[in-house]
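Q: Below are the sequence and a predicted model for it; my questions follow.
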Amino acid sequence: MHPIVVLVKRAVEEYIKKARVIKTPDTLTEEMAIKAGVFVCLKKHGQLRGCIGTIEPVTDCAAEEAIRNAISSSTQDPRFSPVTKEELKDLEYSVDVLCPPEDIRDISELDSKKYGVIVSKGIRKGLLLPDLEGVDSVEEQLRIAKLKAGIHPDDSDVRIQRFEVRRYK
């Protein structure tokens, strides 16, 4: 298990069991030391159990970002009830560290396996991570990102950005 995944697992377990937020480690790996947006996803028996993240970093390093988002994924994802102590043994964790997003001019510049997408219009913004199970085309990726943003799927007057991630499991 990658050190950043070990960190988020420890963050979730400590928070769920003791309601305590762990400290950022004194020694960080290279990927934990950078300042970046981070998404933490939890699965239970192969099914999504929580996923929350930040597009832009709001903390000083990816490790701190991962701790913060791990706790949010386990307790604040509005699609799920908070994780319980009994579920901890069944959770699988993945951490996506985001590279800065870049604007695209045409959807031919997208690849749903390689790039995540951010679709925005005004204050509405939806993000979908790359290489997600069941998302096999750019069109499907954009449709889901638009729905997450509250934008009609047929609306083409949107800003589209792509980004790469480093995914750790």
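A: Nice, I can see it.

Q: okay, CA-based contacts and neighbour counts for the rest of this
A: Noted.

Q: Now for D154, how many residues are close by?
A: D154 has 9 neighbouring residues, counting by other Cα atoms under 10 Å.

Q: Can you give me the pLDDT of it?
A: With respect to pLDDT, D154 has a value of 96.

Q: Centroid-nearest residue for the protein?
A: Nearest to the geometric centre of the chain sits F39, at 2.3 Å (Cα atoms, centre = their mean).

Q: and the strand or helix carrying that residue, what does it pack onto?
A: Taking DSSP states H and E as the criterion, F39 maps to strand 38-44. Applying 3 or more Cα pairs under 8 Å, 6 or more residues apart in numbering; DSSP states H and E, one finds that strand 38-44 contacts strand 47-53, helix 62-75, strand 91-98.

Q: For the longest helix along the chain, list every residue counted as buried.
A: In the chain, assigned by DSSP state H, the helix with the most residues is helix 3-18. Using 16 or more other Cα atoms under 10 Å as the test for burial, helix 3-18 gives I4, V5, L7, V8, K9, R10, A11, V12, E13, E14, Y15, I16.

Q: and what of stretch 116-124?
A: Buried residues in stretch 116-124 (16+ other Cα under 10 Å): G116, V117, I118, V119, S120, K121.

Q: one step back: show me what the longest helix of the chain is packed up against.
A: helix 62-75, strand 91-98.

Q: Please identify the most buried of the helices and strands packed on strand 38-44.
A: Ranked by mean neighbour count, these are led by helix 62-75 with a mean of 26 (mean count of other Cα atoms under 10 Å).
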